[in-house]
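Novice: Sequence first, then the predicted structure, then my questions.
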Amino acid sequence: MKTRSYATLILILLFTQKVRRADGDCLYDKHIRQCSCSLLDLNDIMTIMPCLPARSFEFNGGIFIDAQEFDERTIKSLMDMLNVSLTKISLVNLVLSEKYLAAFINVISQVPVELLSFENTTFVGQSPGLDLKKSAPRIPSLQFINTSSNPLIQKDSVFDSFGNWMSILRNLTVKESQLSGVPCDNSLRFQSLSNLELSGNLLTDDTVSSIFCDGAFPNLHTLKLRSNNFSNFETVCQVVSRYNQLQHLDLSLNEFSAISNSLCEWQPSLSHLNLSSTGLEQVIISLPLNCEVLDLSHNRIEYLNISLPRLRELYVSYNRFSTLNSIGHIPYLQVLAIDGNPMKLLEVSQIQTFEHLRSFKGDNVPYTCSCSFIKKMKEMVNSNLTVQGWPEGYTCDSPESFRGKMISDVNHSLFECHTQLFTAIICVIILLLCVSIIICFVKICRSNKTRSQCMETGNSNSA
């Protein structure tokens, strides 16, 4: 049944396009069950035959403008026979007109597809909207990566024709596509959206209020806004913190270095917060009280005094911490990453204070390899704790004789580990020897003096 369904899908594509002769066969990867083709390859059905078991299709390369070649009656008759489920359809390195795109979506509108993805694609055309059918496509996830001339997002009226589809869409990604804003009217259409990613775009503090206006994205659970042009943490926080179902928030790779004391209060639902690479020098902002995963890596933080009773994972890699004492009270911490910090005097006992810790990452740190540190570090590695990056990433910075050497290869001699004790013992021995010599010398002197006196007494008596 499935093979027949895939063949039907292929026939649909063949009947709804006029294409030039294929330059080569489709490539099928049986390990991931993906078929890679050009739309031009659809001219010869023999090139598609190896792809019948595929669960995903990638159509790569080409310019497709004219949509008049789609035969709606043929599509309808073939759709009745279609019963296929695909994980993903990708259109990569293409130029598509809006009309062609609408025709393509109408072709697959009744095919269950988990994700429709456009990558390195340019959209052209000046049509006021897409002429989609009344029934929404059975596609819950839509993805745009590195797209240009992006009318689908930047036009005020284009979502009018998307209608029902936008209202049932659950996952939307618009990434690295020079997106500068989304009108509030468009945002309001995404009533079922659960996951939204707008990373790598041109969003600013001035546009965030329009995108996340009142009533927009009411069911949002995951929001990724990394690598945009946000600079005012308070503005972004006040807008985003309204979402009472939001669980994951990613604001990384934005520049919040000029951050001031924030009065923003997070919703209890927020459990994952990513503020890595945001230029933070200190954390004077309010953090979600129910936070379970906090990423503050790649900043300039020297001191962190936080109290998060539910925190399970803390990432403070590549900051300026000199000791773990400056992190705060985190009683149930399970994962800790401190790699890339200048912690020369790291005390293993500080790590052991986290009773529930099960994973530790501390490579690329300039360790001072004292005897006690080496011993405790090796004991920690041999315990139930997972030490990530061991042993290659853990090297000595001092003393000079061990610089650059892996900690696992360092074996101090008994004398090196107890230098002070041995020095004290040697000093005591030398002192005792000196005292013994002095005592012996005094005794000898006294013995010689007594002998001399006796001889003098004897001589006087003889006289």
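Specialist: That came through fine. Residues are numbered from 1 along each chain as shown.
Novice: Tell me where this structure is predicted with low confidence.
Specialist: Low-confidence segments of the chain, defined by pLDDT under 70, span residues 1-25, 39-49, 67-84, 126-135, 149-163, 257-262, 413-422, 448-463.
Novice: all strands of the stretch 101-250 of the chain, in order?
Specialist: Ranges of strands in the stretch 101-250 of the chain, per DSSP state E, counting those that start in this stretch, are 115-119, 122-124, 141-145, 171-175, 195-197, 222-224, 248-250.
Novice: Go through the ones you listed and name the closest to I330.
Specialist: Proximity to I330, assessed across those by Cβ to Cβ, is greatest for strand 248-250 (19.5 Å). Just so you know, the C-beta spots here come from the backbone N, C-alpha and C atoms, and that holds for glycine as well.
Novice: Mind listing the strands that closest one pairs with, and their directions?
Specialist: Based on DSSP bridges, the strands next to strand 248-250 in the sheet, each with its direction, are strand 222-224 (parallel), strand 272-274 (parallel).
Novice: ok now that strand, how far from the chain's centre?
Specialist: Relative to the chain's own centre, strand 248-250 is displaced by 11 Å; criterion: Cα atoms, centre = their mean, to the nearest Å.
Novice: residues making contact with that strand?
Specialist: Contacts to strand 248-250, defined as Cβ atoms under 8 Å, 6 or more residues apart in numbering, come from residues 199, 221-226, 240, 270-274.
Novice: Tell me the one of the residues you listed nearest T386?
Specialist: Using Cβ to Cβ, H272 is the member of these that sits closest to T386, with 20.9 Å.
Novice: which residues does the closest one contact?
Specialist: Remark: with contacts taken as Cβ under 8 Å, 6+ apart, H272 is in contact with 247-249, 291-293.
Novice: returning to what we had before: just the closest of the contacts of strand 248-250 to L253, please.
Specialist: Within those, proximity to L253 (Cβ to Cβ) peaks at R226, which comes in at 4.8 Å.
Novice: still on that earlier bit, same list (the strands of the stretch 101-250 of the chain) but as a markdown table, adding distance to E355 and mean neighbour count.
Specialist: What follows is these, written out as a markdown table (distance: least, Cβ to Cβ, whole Å; neighbours: other Cβ atoms under 10 Å):
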| stretch | distance to E355 | mean neighbour count |
| --- | --- | --- |
| strand 115-119 | 42 | 20 |
| strand 122-124 | 55 | 17 |
| strand 141-145 | 41 | 20 |
| strand 171-175 | 38 | 20 |
| strand 195-197 | 35 | 19 |
| strand 222-224 | 31 | 19 |
| strand 248-250 | 27 | 20 |
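Novice: closest one to I374 among these?
Specialist: Of all the strands of the stretch 101-250 of the chain, the one in closest proximity to I374, counting by Cβ to Cβ, is strand 248-250 (38.5 Å).
Novice: Next, please give the residue ranges for the helices of the stretch 151-300 of the chain.
Specialist: Shown for the stretch 151-300 of the chain, the helices assigned by DSSP state H, counting those that start in this stretch span residues 151-154, 159-162, 164-168, 184-187, 205-211, 233-240.
Novice: can you put those helices in TSV and add mean neighbour count?
Specialist: Shown next, in TSV, are those (neighbours: other Cβ atoms under 10 Å):
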stretch	mean neighbour count
helix 151-154	19
helix 159-162	19
helix 164-168	17
helix 184-187	18
helix 205-211	17
helix 233-240	19
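Novice: Redo the ones you listed as TSV? Include distance to N411.
Specialist: Conversion of the helices of the stretch 151-300 of the chain to TSV gives the following (distance: least, Cβ to Cβ, whole Å):
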stretch	distance to N411
helix 151-154	61
helix 159-162	68
helix 164-168	64
helix 184-187	63
helix 205-211	56
helix 233-240	49
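Novice: Could you say which one of those helices comes nearest to F441?
Specialist: Nearest to F441, of all the helices of the stretch 151-300 of the chain, is helix 233-240, at 80.5 Å by Cβ to Cβ.
Novice: Show me what that closest one is packed up against.
Specialist: helix 205-211 (3 or more Cβ pairs under 8 Å, 6 or more residues apart in numbering; DSSP states H and E).
Novice: any idea how far the helix it packs on is from the chain center?
Specialist: The chain centre lies 25 Å from the centre of helix 205-211; the measure is Cα atoms, centre = their mean.
Novice: same thing with stretch 336-354?
Specialist: Its chain's C-alpha centre lies 21 Å from the corresponding centre of stretch 336-354 when counted by Cα atoms, centre = their mean.
Novice: again with stretch 208-226
Specialist: With Cα atoms, centre = their mean as the basis, the distance from the averaged C-alpha position of stretch 208-226 to the chain average is 21 Å.
Novice: One more: stretch 270-284?
Specialist: Computed by Cα atoms, centre = their mean, the chain-centroid distance of stretch 270-284 equals 13 Å.
Novice: Just the buried residues of that stretch, please?
Specialist: 270-280, 283 (16 or more other Cβ atoms under 10 Å).
Novice: returning to that earlier point: using TSV, please lay out the strands paired with strand 248-250 together with distance to S210.
Specialist: Output for the strands paired with strand 248-250, formatted as TSV (distance: least, Cβ to Cβ, whole Å):
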stretch	distance to S210
strand 222-224	15
strand 272-274	23
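Novice: returning to what we had before: got TSV for the strands of the stretch 101-250 of the chain, with distance to L308 too?
Specialist: Shown next, in TSV, are those (distance: least, Cβ to Cβ, whole Å):
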stretch	distance to L308
strand 115-119	35
strand 122-124	44
strand 141-145	32
strand 171-175	29
strand 195-197	25
strand 222-224	20
strand 248-250	15
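Novice: For N93, which of the ones you listed is the nearest?
Specialist: Taking Cβ to Cβ as the criterion, strand 115-119 is the member of the strands of the stretch 101-250 of the chain that comes nearest to N93, at 7.5 Å.
Novice: Report the angle between the closest one and strand 171-175.
Specialist: Here strand 115-119 points in a direction 10 degrees away from that of strand 171-175 (axes from the mean of the first three to the mean of the last three Cα atoms, to 10 degrees).
Novice: Quick check: can you name the pairing partners of strand 115-119 and their directions?
Specialist: Taking DSSP bridges as the criterion, strand 115-119 pairs within the sheet with strand 88-97 (parallel), strand 141-145 (parallel).
Novice: how about TSV for those strands, with distance to T386 added?
Specialist: Below are the strands paired with strand 115-119 laid out as TSV (distance: least, Cβ to Cβ, whole Å):
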stretch	distance to T386
strand 88-97	33
strand 141-145	33
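Novice: right, and the ones you listed - which one's nearest L27?
Specialist: Going by Cβ to Cβ, the one of the strands paired with strand 115-119 nearest L27 is strand 88-97, 13.3 Å.
Novice: Provide the contact partners of the helix or strand harbouring E58 at residue level.
Specialist: E58 is part of strand 56-64, with elements assigned from DSSP states H and E. The contact list for strand 56-64 (Cβ under 8 Å, 6+ apart) reads 32-40, 51, 86-97, 100.
Novice: Enumerate the positions of it that are buried.
Specialist: Within strand 56-64, the residues that qualify as buried by neighbour count (16+ other Cβ under 10 Å) are 56-60, 62, 64.
Novice: Same check on stretch 357-372?
Specialist: Residues of stretch 357-372 classed as buried: 357, 360-363, 365, 367, 369-370 (neighbour count, 16+ other Cβ under 10 Å).
Novice: Alpha carbons of it, as PDB, please.
Specialist: Output for stretch 357-372, consisting of C-alpha atoms alone and laid out as PDB, is shown next (Å, rounded to 0.1, in the frame of the first residue of the first chain):
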ATOM      1  CA  LEU A 357      25.900  16.400  40.700                       C
ATOM      2  CA  ARG A 358      26.200  13.700  38.000                       C
ATOM      3  CA  SER A 359      28.000  15.500  35.200                       C
ATOM      4  CA  PHE A 360      30.900  18.000  35.300                       C
ATOM      5  CA  LYS A 361      32.800  19.800  32.500                       C
ATOM      6  CA  GLY A 362      35.900  21.600  33.500                       C
ATOM      7  CA  ASP A 363      38.400  21.300  30.600                       C
ATOM      8  CA  ASN A 364      40.500  24.200  29.200                       C
ATOM      9  CA  VAL A 365      41.200  25.600  32.700                       C
ATOM     10  CA  PRO A 366      44.700  26.700  33.800                       C
ATOM     11  CA  TYR A 367      45.000  24.200  36.700                       C
ATOM     12  CA  THR A 368      47.600  24.400  39.400                       C
ATOM     13  CA  CYS A 369      48.600  20.800  39.700                       C
ATOM     14  CA  SER A 370      49.300  20.400  43.400                       C
ATOM     15  CA  CYS A 371      49.500  16.900  44.900                       C
ATOM     16  CA  SER A 372      46.200  17.200  46.700                       C
END
